[in-house]
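> Provided below for reference: sequence and predicted model.
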Amino acid sequence: MGENHTHNKKTGLPRKRFYRARAHSNPLSDSHFPIPISPCEVDYSLHYPEVVKVDPCKRIEFADVGCGFGGLLIALAPLFPDNLMIGMELRDKVTEYVKERILGLRTTNSGQYQNISVVRTNSMKYIPNYFEKGQLKKMFFLFPDPHFKEKNHRRRVISPFLLDEYAYVLAVGGIIYTITDVEELGEWMKSCLEEHPMFEALTSEELEADQVVKLLSAATEEGQKVARNGGQTFRAVFRRIVTH
Amino acid sequence: MEETNMDDCEHNRESEVAPALIAVHPTQKSVAVAVGSNLRVFNLQEGCSVSLVDNSGVHMHKDSIRAIQYGAEGKLFVSAGDDKLVKIWVTDSWRCISSVSSEKRVTAVAISNDGRFVSFADKFGVIYAVEIEGSHENQSVPNKKAVPILAHYCSIITSLEFSPDGRYIISADRDFKIRVSVFPEKPSDGAHEIQSFCLGHSEFVSCLAFICNQDSQQWYLLSGGGDSTVRLWDFTCGSLLDTCHVGETGLLQSKEGIDDRLLAVTDLCATPWGSLIAVAIQSLAGVMLLSCNLSAKSLHVARVVPIPGETFIPTSLAAASSSNQLWMVMGASTLCTSHSAPLACVKVLNGFCESNQDSVEHEARVLEDKDLPGSEQLLQTLQGSSFIEKDALSAAAEAVKTAMCNLLIKKQYPSENREFRKRGRNDKRVDKKK
Ligand SMILES: C[S@@+](CC[C@H](N)C(=O)[O-])C[C@H]1O[C@@H](n2cnc3c(N)ncnc32)[C@H](O)[C@@H]1O
């Protein structure tokens, strides 16, 4: 790795500037990347080689959808060492960056960061290909692309129809975390969740008690950018409930 | 610029040809064929052609019909397609009681088992439900608005069915996916609860059918697709029970000139207990018969029934549960006879009934035109002509192969072209934002 100029010599971590990509992706366009035919075809030994050696039956429980440069996964990894997590990212180069970043962290911090990984995929189309019914405990949607125009609202990663799929992969009691610095999008995500019969908002006490909530605005690259600019953020955190 | 983006999940209009469709009344009172914008119905009880009466205040279909279906009890019939209209018909008088408009072209349609709802899918993968009222009275009902109940994210829905127990609505798409959703008490609230996904196809899913275990009375799902397989599913949990690769049976290989890539399964039709499953294959002149043993949960190929003397590649299959006849049609919207009505060719296979494989050998045979119920009149009505010349037929077969290809295989843009299309889109906007 030493000779690789795309990586920082000291830390072994990849340099972000070599992994720049278009800032926004069109989730509707068909891309060519491998997609597991069903969740049982997800290759865990590729993503979590060390964990699989110890517990081959362990499944992914957290998903960071549109993970960007992976800041959240890296913050969560030591907090939940027993949970497997995956970042899902559409942009090829960004995914490569996150992959290298995790590999670098695994090398420099022996035994750590074995529980996080990343896939390049279109989460709006292929969530059910990765997770079984009720498999996930947490899903994160941090600073998703806003898609301002009304006719592009259907491209938003939180939408009434896509929430059906998220409710399917989340276990009852599982939590969906969303945050944005775009007020209109914040309102939209909140109202989609409020109107969905399979989700209920966490109370302010519950939000207070959840250590993950604090990470939402600070852990990711996008969140840090917003914080640096002193921007406001809008949060919606909901629990998957049973339907009657 | 935005428009190009939207095109991504639609495909090129020009190259599209609509294959002919066939449906049979559940007790074989009538049979319907759709080809292009033509809907043709023959009354099998009285042996005469049916004239359709449209009281809905809206015109007949003006563009290719993409889906037709009889309701479970046979009282209702629906037709829908590229003209964005869903027409609901009562089959006693063949009046259109309602024309529901869709914002986009319609790709699939289904009637709930209790006959209370019609559901249809549009080109963007959104599935709608509309309540049918007054279907028994002689009055027409106001043309209602449909409500969206669920969506496959931007994928074309190829098949839509209510499960025979009425609990689920099952939708199949061009992205290998089959979704089983609980059909809600109040569809206007949406079908949010996903029971399962049936995942296993590695290409588009083209067709769905149900079969029932005679002993346990449990229903199972069959699906066919572009990966040349027919699959058997326990759809309540989404588990794949068996897969039959139609191309690897040895039955097709022996045939000269069959291209492996043209072995997509295009339609399925099963006897109720599943002991016989008819399979239409993109380039097979004939029909393949499978048999399913539901206690062993396994699928086997029984045999290929060739259609003698001619080149007949069925584009659609249908059977009434009460009879032992399999109805087949070959045709496409662009095929015209000399009288300029689009050409469709109809054949019937006798002996399509629950039985063991051995007796199938003896029984299943294709009827000659003169032996068809309603004979010449039936053909005149459904085909548009009582006699189709050999040349026209082989030309039709070629056209059908292409039609199925264009319909089913996703448009692949050459990579250069792709890059160009991409560049033309949103990079400009992105640069501005940075
Ligand atoms: C504004 S960034 C936020 C990234 C990260 N969550 C953060 O907070 O820093 C949104 C990310 O979602 C990704 N994305 C957009 N649509 C996606 C999709 N359909 N599937 C997966 N990722 C997607 C984009 O490529 C982009 O990296």
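Sure, I can see it.

> beta partners of the most centrally placed residue in chain A?
Geometric centre of chain A, nearest residue: A:Asp64, 1.1 Å, by C-alpha atoms, centre = their mean. Beta-bridge pairing of A:Asp64, defined through DSSP bridges, involves A:Gly87, A:Phe140.

> Relative to the ligand, how far out is it?
Here the criterion is C-beta to the nearest ligand atom, to the nearest Å. By it, A:Asp64 lies 7 Å from the ligand. From N, CA and C alone the C-beta is placed, and that goes for glycine too.

> Would you indicate which residues of the longest helix seen in chain A are buried?
In terms of residue count, the longest helix belonging to chain A (DSSP state H) is helix A:92-108. Across helix A:92-108, burial judged by 16 or more other C-beta atoms under 10 Å in any protein chain shown covers A:94-106.

> roughly how far is stretch B:288-300 from the heart of the chain?
22 Å (C-alpha atoms, centre = their mean, to the nearest Å).

> Relative to the whole chain's centre, how far out is stretch B:170-184?
With C-alpha atoms, centre = their mean, you get 15 Å for stretch B:170-184.

> And the average pLDDT for that stretch is what?
Stretch B:170-184 carries an average pLDDT of 95.

> and that stretch, does that touch chain A?
Yes. For stretch B:170-184 and chain A, the contact criterion (C-beta under 8 Å from any C-beta of the partner chain) is met by B:175-177, B:179, B:181.

> which sections of the stretch 251-400 of chain B are below the confidence cut-off?
Low-confidence regions of the stretch 251-400 of chain B, defined by pLDDT under 70, span residues B:251-261, B:309-310, B:335-340, B:356-363.

> buried stuff in stretch A:204-221?
A:210, A:212-213, A:215-217, A:219-221.

> any idea which of the residues you listed is closest to chain B?
Distance to chain B, by C-beta to the nearest C-beta, is smallest for A:Glu221 among those, at 14.8 Å.

> one step back: got the angle between the next helix-or-strand element following the longest helix of chain A and helix A:92-108?
On the C-terminal side of helix A:92-108, the closest following helix or strand by DSSP states H and E is strand A:116-120. For strand A:116-120 against helix A:92-108, the angle by axes from the mean of the first three to the mean of the last three C-alpha atoms, to 10 degrees is 160 degrees.

> by contact count, what packs against strand A:116-120?
Judged by 3 or more C-beta pairs under 8 Å, 6 or more residues apart in numbering or on different chains; DSSP states H and E, strand A:116-120 is in contact with helix A:71-79, strand A:84-89, helix A:92-108.

> returning to what we had before: would JSON lines of the buried residues of helix A:92-108 with pLDDT and distance to A:Met139 be doable?
Output for the buried residues of helix A:92-108, formatted as JSON lines (pLDDT from 0 to 100; distance: C-beta to C-beta, whole Å):
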{"residue": "A:Val94", "pLDDT": "96", "distance to A:Met139": "19"}
{"residue": "A:Thr95", "pLDDT": "96", "distance to A:Met139": "18"}
{"residue": "A:Glu96", "pLDDT": "95", "distance to A:Met139": "23"}
{"residue": "A:Tyr97", "pLDDT": "96", "distance to A:Met139": "22"}
{"residue": "A:Val98", "pLDDT": "97", "distance to A:Met139": "17"}
{"residue": "A:Lys99", "pLDDT": "96", "distance to A:Met139": "21"}
{"residue": "A:Glu100", "pLDDT": "96", "distance to A:Met139": "25"}
{"residue": "A:Arg101", "pLDDT": "97", "distance to A:Met139": "21"}
{"residue": "A:Ile102", "pLDDT": "97", "distance to A:Met139": "19"}
{"residue": "A:Leu103", "pLDDT": "96", "distance to A:Met139": "24"}
{"residue": "A:Gly104", "pLDDT": "96", "distance to A:Met139": "26"}
{"residue": "A:Leu105", "pLDDT": "97", "distance to A:Met139": "23"}
{"residue": "A:Arg106", "pLDDT": "97", "distance to A:Met139": "24"}
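
> Tell me the first helix or strand C-terminal of the longest strand along chain A.
Ranked by residue count and defined by DSSP state E, the top strand of chain A is strand A:170-180. Using DSSP H and E, the helix or strand that follows strand A:170-180 towards the C-terminus is helix A:183-195.

> Would you map the strands across the stretch 51-200 of chain B?
B:53-54, B:65-70, B:76-81, B:85-90, B:95-101, B:106-111, B:117-122, B:126-131, B:147-151, B:157-162, B:168-173, B:177-182, B:194-199 (DSSP state E, counting those that start in this stretch).

> wait, I meant the stretch 301-434 of chain B
B:316-319, B:325-336, B:342-350, B:365-366.

> Now those in JSON lines, please, with extra columns for distance to the ligand and mean neighbour count.
Listed next are these as JSON lines, based on distance: least, C-beta to the nearest ligand atom, whole Å; neighbours: other C-beta atoms under 10 Å in any protein chain shown:
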{"stretch": "strand B:316-319", "distance to the ligand": "35", "mean neighbour count": "25"}
{"stretch": "strand B:325-336", "distance to the ligand": "35", "mean neighbour count": "25"}
{"stretch": "strand B:342-350", "distance to the ligand": "40", "mean neighbour count": "24"}
{"stretch": "strand B:365-366", "distance to the ligand": "49", "mean neighbour count": "16"}
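
> Can you check which of the ones you listed gets nearest to B:Glu376?
strand B:342-350 (12.0 Å; C-beta to C-beta).

> now chain A, which segments are flagged as low pLDDT?
A:1-32, A:244.

> Spell out which residues of it are next to the ligand.
For chain A, the residues in contact with the ligand (C-beta under 6 Å from any ligand atom) are A:25, A:27, A:66-68, A:71, A:88-91, A:94, A:122-124, A:142-145, A:220-223.

> All set now, cheers.
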